[in-house]
Every structure is written in C-alpha cells, then in structure tokens.
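Trainee: Structure for the following, please:
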Amino acid sequence: MEQLTIEAQKAVLVGVNMNHQPDFAYSMEELANLASACDVEVVGTVTQNLSRINTSHYIGTGKIQEITIMLKQQEANLVIFNDELSPSQLRNLEADLDCKVVDRTLLILDIFGQRAKTREAQLQVEVAELKYMLPRLVGLRESLGRQSGGIGTKNKGVGETKLELDRRRIEEKITAMSRELETLVAHRQIQRKKRKKTEIPVVSLVGYTNAGKSTVMNALVEKFTGSKDKFVFEKDMLFATLETSVRNIELEDKKEFLLTDTVGFVSRLPHHLVKAFRSTLEEVREADLLVHVVDFSNPEYEQHIHITNETLKAIGIEDIPMIYAFNKIDMKDGEIPESQ
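Mentor: Numbering: from 1, shown residues only. Model (predicted):
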C-alpha cells in the first residue's frame, strides 16, 4: 500500500486535549514513540485544549497558523495528529498547511504494514488499510499529487472518473482479501480445536507492545527444551510481533502446556485494525491462563497495564485468570507490586 507509506521525514505532532483528558500527556508521548517507529524525526509539538472539535479542521485557525510557522522554522514536511481525522478534515488541513498530514490511525497502520510477515497478518493489515483509504481517496490523491508537485484539481472530470474506478477496485480487493482471510482463519480454528481436544492447558502472553512477551517466551522455550531452535522473533521495537506463535512447554514434572504469544497493545488501536485482528486475538480468548507481561523499567508501566486490561475488556476477554510477570526488573530500583 504505497499510498500509506510514511517515509523518513521531519514531523510536527498535534494533539487536542478534549475536556482535560487525564491521559493526554501520555498519549502524546506514545504518539512520539509511534512516529519514531516509522523513522520520523519529531521536531515540534502543538497542543490545544478544546471542549469540542472544529468540524472543518479539527483544530482552530490560530493553531493552524502556529503549525505553519513551526513547519517553516523546523523545515518539517509532515504533520501527525493524535486522533483520527475525517476525510474532509484531512483535505482541509493539507490544503491549508501545504504538506502531508496523517493521523494516529494511519501511523499505526503503517507500522503494522512494515512488521507483518505471515500471509494472514499481511491480509489483516491490508484490509484495515483499504477500509481506512476508502472514504479518504480524494484527500490521499491530492496528498500524492502535492508530494510529486502535481495539482490535485487538474483534469477534474477525468479525476472523478478515476476516483470511482479506484473506489470500485478497492471494494473488490477488500472482498477478495476478506475471503482469503476467512480461509486462513478457518484453518487456524481447526488447529485450535485439535489442540483443545488434547486437553493440554493453554497459556497466553499478553501485554503492551514491546513489553518483552517474545523474550519471555524464548526464555521459557530455552529453559524447558534446552534449545533455541523454536525461538520466536524478538526485537526491541514497537509491534515486533503481529502473528500468533504457539510452543509446547514440558515442565520438569512432565506436565505440559501450550504457550502462545501474539500482538501487543497500544492505546487507541484503530477500530479497523482491532476488527481485522480479532481472529488472531481469538487465541487469547481460548486461553486457560493469561500471563500479563509488564515492562517494569518503563516509568509508564501502570498506564501500560491499564491499556492492556482495557483492550482485553474491549474484545470481550474479562473472565480468564491472569497473573502478572514483571519484566526488566534489573533495570529499575523499587519494589514490585504484590498484586494487581
């Protein structure tokens, strides 16, 4: 999806604090981390307190002027909004700021697009991207024209015809990919049913992205198998894992369980993405026990716990027993919480 690719560039972050949100400062910090994951250099931040959103531009005219000045001063060429923008807001902002504008949803979609390795993960991400693109085709087309030096309104009649053609093609791709995805999901459901028949308990690792779930999984695999052959991919970056991995663990007393590792969480996950990855998250729903991995070295670890628990609740996972595994405790002083 080259239209959605966010290439390395300098960006100004923009956030609107609606009615004094208690987690606003953290959400802006999280946005900066997401931008960094796309190799974007953050050169400035603009925030505004509002009781209601500006329907045409999301922010007020004064803030648009402030952003324009900052773009010139910092030689930036990208503006990233902390919330999802409507198609008209996207078009209006790009016209007034004369640069590319993306929102939090697009940023996360871009990261997922870069990280997806398996066919199922790639399909899940692309379906979410296409559904995001569909109502925004005009704005995306003008954005591409602006980047290449073209004029979005040139040959308007031809453009409108091309727009309808693009829309139809996207709808057809969504249908075709959804069908292929259903086949892959059905195959995984069969595998899950087979595992269930063995009556081997299932333990799922959950947690905020980059908390160290894959590292914990690999440590357990090495400890109880003595081998690194079945290690899962791990790297110190956001959303390193998008697909589900399952490993059989046999304890010293010969008791067994299946350990699963899947996608990590972040606040305000795009609804298209949550819906697309719902089938992957079914692995968590089928677990007998959840191990909530927490990066204890992160100053915001309590916020990460809250985000993970709220995300689990949002996808209907509330009644599965959970224990907490505090990771990276050697990197921070202080006592580990006794219970959550």
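
Trainee: which secondary structure elements does the helix or strand where Ile111 lies contact?
Mentor: If you go by DSSP states H and E, Ile111 is part of helix 104-115. Where contact means 3 or more CB pairs under 8 Å, 6 or more residues apart in numbering; DSSP states H and E, helix 104-115 is packed against helix 24-37, strand 78-81, helix 119-133, helix 271-276. From N, CA and C alone the C-beta is placed, and that goes for glycine too.

Trainee: These: which one's closest to Ile317?
Mentor: The closest of those to Ile317 is helix 271-276. By CB to CB, the value is 12.3 Å.

Trainee: Using CSV, write out every CA atom in that closest one.
Mentor: Taking Å, rounded to 0.1, in the frame of the first residue of the first chain, the C-alpha atoms of helix 271-276 are listed here in CSV:
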residue,chain,number,x,y,z
HIS,A,271,-11.1,0.0,15.2
HIS,A,272,-10.4,-1.3,11.7
LEU,A,273,-7.3,-2.9,12.9
VAL,A,274,-8.9,-4.4,16.0
LYS,A,275,-11.6,-5.9,13.8
ALA,A,276,-9.1,-7.2,11.3
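
Trainee: What lies in contact with that helix?
Mentor: 105, 108-109, 112, 124-125, 127-128, 131-132, 314-315 (CB atoms under 8 Å, 6 or more residues apart in numbering).

Trainee: Show me the strands in this structure, by range?
Mentor: 10-18, 41-50, 78-81, 100-103, 202-206, 245-250, 256-261, 289-295, 322-327 (DSSP state E).

Trainee: ranges for the helices of the stretch 201-340 of the chain?
Mentor: Assigned by DSSP state H, counting those that start in this stretch, the stretch 201-340 of the chain shows helices spanning 213-225, 271-276, 278-285, 301-314.

Trainee: and these as CSV, adding mean pLDDT?
Mentor: CSV is the format used below for these (pLDDT from 0 to 100):
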stretch, mean pLDDT
helix 213-225, 88
helix 271-276, 73
helix 278-285, 75
helix 301-314, 90
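
Trainee: Nearest to His187, out of the ones you listed?
Mentor: Minimum separation from His187 across these (CB to CB) falls at helix 278-285, 10.8 Å.

Trainee: Off-centre distance for that closest one?
Mentor: 16 Å (CA atoms, centre = their mean, to the nearest Å).

Trainee: May I have the predicted confidence score for Ser51?
Mentor: Predicted confidence (pLDDT) for Ser51: 90.

Trainee: That should have said Gly150, apologies.
Mentor: The model's pLDDT for Gly150 equals 42.

Trainee: Could you report the neighbour count for the closest residue to Leu181 other than its chain neighbours?
Mentor: Distance criterion CB to CB, 6 or more residues apart in numbering; nearest residue to Leu181, sequence neighbours excluded, is Leu123 at 4.7 Å. When counting by other CB atoms under 10 Å, one arrives at 22 neighbours for Leu123.

Trainee: quick one: contacts for Leu123?
Mentor: Contact partners of Leu123, counting by CB under 8 Å, 6+ apart, are 177, 180-181, 184.

Trainee: Please identify the member of those with the greatest number of neighbours.
Mentor: Comparing these by number of neighbours (other CB under 10 Å), Leu181 comes first, having 19 neighbours.

Trainee: Does that one touch Ala128 like I think?
Mentor: No: when contacts are counted by CB atoms under 8 Å, Leu181 is not listed as touching Ala128 (10.9 Å).

Trainee: dump the residue contacts of Tyr26.
Mentor: Remark: with contacts taken as CB under 8 Å, 6+ apart, Tyr26 is in contact with 267, 300, 303.

Trainee: Phe265 versus the last one, what's the distance?
Mentor: Distance, Gln303 to Phe265, by CB to CB, to the nearest Å: 12 Å.

Trainee: higher neighbour count, the two?
Mentor: Set side by side, Gln303 and Phe265 show more neighbours around Phe265, with 22 against 17, by other CB under 10 Å.

Trainee: Touching, that one and Tyr208? I think so.
Mentor: Yes: counting by CB under 8 Å, Phe265 does reach Tyr208; the two are 5.6 Å apart.

Trainee: got any residues that touch both of the two?
Mentor: Counting by CB under 8 Å, 6+ apart, the common neighbours of Phe265 and Tyr208 are 307-308.

Trainee: Let me know which of the strands of the chain is the nearest to Leu163.
Mentor: Between Leu163 and the strands of the chain, the shortest separation by CB to CB is 19.4 Å, and it involves strand 100-103.

Trainee: Strand partners (parallel or antiparallel) of the closest one?
Mentor: strand 78-81 (parallel) (DSSP bridges).

Trainee: By neighbour count, which of the contacts of helix 271-276 wins?
Mentor: Counting neighbours by other CB under 10 Å, Gln124 leads the contacts of helix 271-276 with 28 neighbours.

Trainee: Off-centre distance for stretch 165-175?
Mentor: In this view, stretch 165-175 has its centroid 24 Å away from the chain centroid, taken as CA atoms, centre = their mean.

Trainee: Let's see that stretch as PDB, backbone CA atoms only.
Mentor: Extracted in PDB, the C-alpha atoms of stretch 165-175 (Å, rounded to 0.1, in the frame of the first residue of the first chain):
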ATOM      1  CA  LEU A 165     -12.700   3.400 -10.600                       C
ATOM      2  CA  ASP A 166     -10.300   3.400  -7.700                       C
ATOM      3  CA  ARG A 167     -13.200   3.100  -5.200                       C
ATOM      4  CA  ARG A 168     -14.600   0.100  -7.100                       C
ATOM      5  CA  ARG A 169     -11.200  -1.600  -7.200                       C
ATOM      6  CA  ILE A 170     -10.600  -1.100  -3.500                       C
ATOM      7  CA  GLU A 171     -14.000  -2.600  -2.700                       C
ATOM      8  CA  GLU A 172     -13.200  -5.600  -4.900                       C
ATOM      9  CA  LYS A 173      -9.800  -6.000  -3.200                       C
ATOM     10  CA  ILE A 174     -11.400  -5.900   0.200                       C
ATOM     11  CA  THR A 175     -13.900  -8.600  -0.800                       C
END
